[in-house]
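Undergrad: I would like to see how this sequence folds:
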Amino acid sequence: MCKKTSFLVAMALSVSLMAGSLVSIPVKAQDGTSVNVVAGTSKEENAGYSQGIIQTTKYGKIKGYQENDGKTLIWKGIPYAKAPVGELRWKAPVNPDSWAGTLDATKDGNMGIQLSNGKIVGSEDCLNLDIYRPNTNQTNLPVLVYIHGGNNQTGASNEISPKKLAVNANCIVVSINYRLGALGFNSLPALKTGNKNEDSGNYTLLDISKSLDWIKANISSFGGNSENVTASGFSAGGRDVMAMLISPIFKDKFQKAISFSGGMTTADPEDSAKVIAKAIAPLVVADKIKATEGEAYKWLLTDGKDVKAYLYNLSSDRLAKLMGNAGIRMSAFPHLYSDGTVLPKEGFDTKNYNNVPLIMLTGAKEFSLFGRYDKYFAAKDDNTLMTNQEANKELNFALNYGSKLYELFNAEESAERMIKNYNAQIYTGDFKWGLDKNVVGDKMAQLAGPFHGVWIPFLTDETTGFSAMYKDSFNNAGAKDLGAKVTDYITNFLWDGTPNGKIITGCEWKPWNGANSKTTQLILDADKNNAKISMSNERIDYEEILKQMDADTTLSKEVKDKLIKEVLNGRWFSDRLDKHFGNSSLWIK
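TA: Predicted coordinates for the structure are as follows:
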């Protein structure tokens, strides 16, 4: 059992000016003490920020709005760089232009152009961010930067709604949009400019870096502490955060990091260029530039000015349709190139990490959504998958083994690989909530469990997206208790760089100390009434999982082999699985 830390109720009385009235908002203070904050304090105390929806950045004034019953101030769609269009396509982002008057920041900014549900949405003009903060006059708040998921191909800054998190953690949340797909990652030789950062092809990482520069220069205008920035992201955003830890261009740009379901991934630039060239080749033929896709493929891999001109003249709509449905397979849409400049050639084997305190969180059934909606199972309805004996066994095989390997990939494997060269504390956590059908119901336990993104309702207090399908499960007392404690851990981390502090009641979250340590990671669970949090020394052993798969007789050999070669192959976590079972590489030879 875990040793309980002391509990101190921490409330800061803060005020918002709404229609001339004062509204008290309970928030947590940094040190856990009670703080009285009153509107109208001196300009010295509020240097750069004065409570309200209108604030002044280095580029001009902006007007936001209130939400969350007036407790949260929000500004959306703030440009942090010029639109990366025309000559700025596939270039490093540059500072935005200043504006006259007051910018309307009350509506979502453009998301990166993408293929979503078969339709093109978003815009190439997408370098903008959203800011959320408590409606108080408190300054020097910690800053949580959020990078959305979507395989770096889809998604938007409004993926989560952090309006309650900003109040509950007494912090500023900044969520960013960035370039996606072949506009965000592209290693074709013709795009090289001679600028090493641009020549990396990692334009998305350059965008994220630019957003951090904007935050550094402007966040004090919103009451934020530019020297207390936590970089966080979910899924692809989490993998981007992990890449930022090994990237020289991010040195000293953030002080802490949180990776939600994001492990270690990089891609070879030359191998990646082949995938991109193959994807664009049909467009070249359609435009009558080359007669065959083979000729087009070879042409696209040259560095000619004619290739560059062609690429720059392609519409963003056509580019956004490429390499869709990647399904957590790097071979389908390669990104995060280990180019030797933005990311080291040795990838995560580097000895030069950006050493900041790091939290890595995962779920115990991370593969459930990817397996359930893989084309192998997608045509079957939920009832069939739950009640048809053979279909249920096939699904359980894929979800069970896929989730164990994905769970390992997201936290333990990364921590163990990093620890010898990482000079800061690493904390790993594993959501088990969702496995017990007595708590969440039979359907959620079987088909979803602690799914990819299960953390979102616990931290944001919002059931949106996939979690909305199981809204009732997230609303019982145990889930609410777990959410409060998860928020406390994150609050402490944002303020002080450790998840443990005076406002925590429960389990001390001990740092990762290696595979042979008695305690390795935090287990996050709850029954219907209370959170159940503990430190665990349980380990997932990759080789042991492969042995279990070999010995598994729940399915015929033919069906088992089909699942291994069609559903589990080529995923982020599948390198050793593919070698063990002789799966063919999905990469272009």
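Undergrad: Leaving out sequence neighbours, find the closest residue to His335.
TA: Phe185 (3.8 Å; C-beta to C-beta, 6 or more residues apart in numbering). Glycine gets a C-beta too; all of them are placed from N, C-alpha and C.
Undergrad: wait, what's in contact with the one you found?
TA: Shown in contact with Phe185 (C-beta atoms under 8 Å, 6 or more residues apart in numbering): 152, 201-204, 272, 333-337.
Undergrad: pLDDT added to those residues, as CSV?
TA: Formatted as CSV, those follow (pLDDT from 0 to 100):
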residue, pLDDT
Asn152, 98
Gly201, 99
Asn202, 99
Tyr203, 99
Thr204, 99
Ser272, 98
Phe333, 97
Pro334, 98
His335, 98
Leu336, 99
Tyr337, 99
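Undergrad: now those residues as a markdown table including distance to Lys547, neighbour count and secondary structure?
TA: Output for those, formatted as a markdown table (distance: C-beta to C-beta, whole Å; neighbours: other C-beta atoms under 10 Å; DSSP: H, G, I helix; E, B strand; the rest coil):
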| residue | distance to Lys547 | neighbour count | secondary structure |
| --- | --- | --- | --- |
| Asn152 | 34 | 26 | coil |
| Gly201 | 39 | 30 | coil |
| Asn202 | 38 | 30 | strand |
| Tyr203 | 42 | 27 | helix |
| Thr204 | 38 | 23 | helix |
| Ser272 | 33 | 27 | helix |
| Phe333 | 32 | 24 | coil |
| Pro334 | 31 | 27 | coil |
| His335 | 33 | 30 | coil |
| Leu336 | 31 | 28 | coil |
| Tyr337 | 35 | 26 | strand |
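Undergrad: Closest to Thr519 out of the residues you listed?
TA: Closest to Thr519 out of these is Leu336 (31.2 Å), distances taken as C-beta to C-beta.
Undergrad: mind listing the strands for the stretch 1-150 of the chain?
TA: Using DSSP state E, counting those that start in this stretch, the strands of the stretch 1-150 of the chain run over residues 12-18, 21-27, 35-36, 54-57, 60-63, 65-67, 72-79, 102-104, 114-116, 119-121, 128-134, 141-147.
Undergrad: which strands and helices sit next to the longest one?
TA: For strand 72-79, the elements it packs on are strand 60-63, strand 65-67, strand 128-134, helix 163-168, judged by 3 or more C-beta pairs under 8 Å, 6 or more residues apart in numbering; DSSP states H and E.
Undergrad: Minimum distance to Tyr178: which of those has it?
TA: Judging the helices and strands packed on strand 72-79 by C-beta to C-beta, what sits closest to Tyr178 is strand 128-134, at 9.3 Å.
Undergrad: And the strands of the stretch 1-150 of the chain: which comes nearest Ala267?
TA: Of all those, strand 141-147 sits nearest to Ala267, with 18.0 Å by C-beta to C-beta.
Undergrad: Can you spell out which helices and strands pack onto that closest one?
TA: Counting by 3+ C-beta pairs under 8 Å, 6+ apart, strand 141-147 packs on strand 172-176, helix 203-218, strand 224-234, helix 236-244, helix 477-496.
Undergrad: okay if I get those as TSV plus distance to Gln255?
TA: Formatted as TSV, the helices and strands packed on strand 141-147 follow (distance: least, C-beta to C-beta, whole Å):
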stretch	distance to Gln255
strand 172-176	14
helix 203-218	11
strand 224-234	6
helix 236-244	12
helix 477-496	10
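Undergrad: To Tyr401, which of those lies closest?
TA: Of all those, helix 236-244 sits nearest to Tyr401, with 21.4 Å by C-beta to C-beta.
Undergrad: Show me the contact partners of the closest one.
TA: 146-153, 155, 204-205, 208, 231-233, 250, 254, 257-266, 336, 343, 348, 354, 410, 414.
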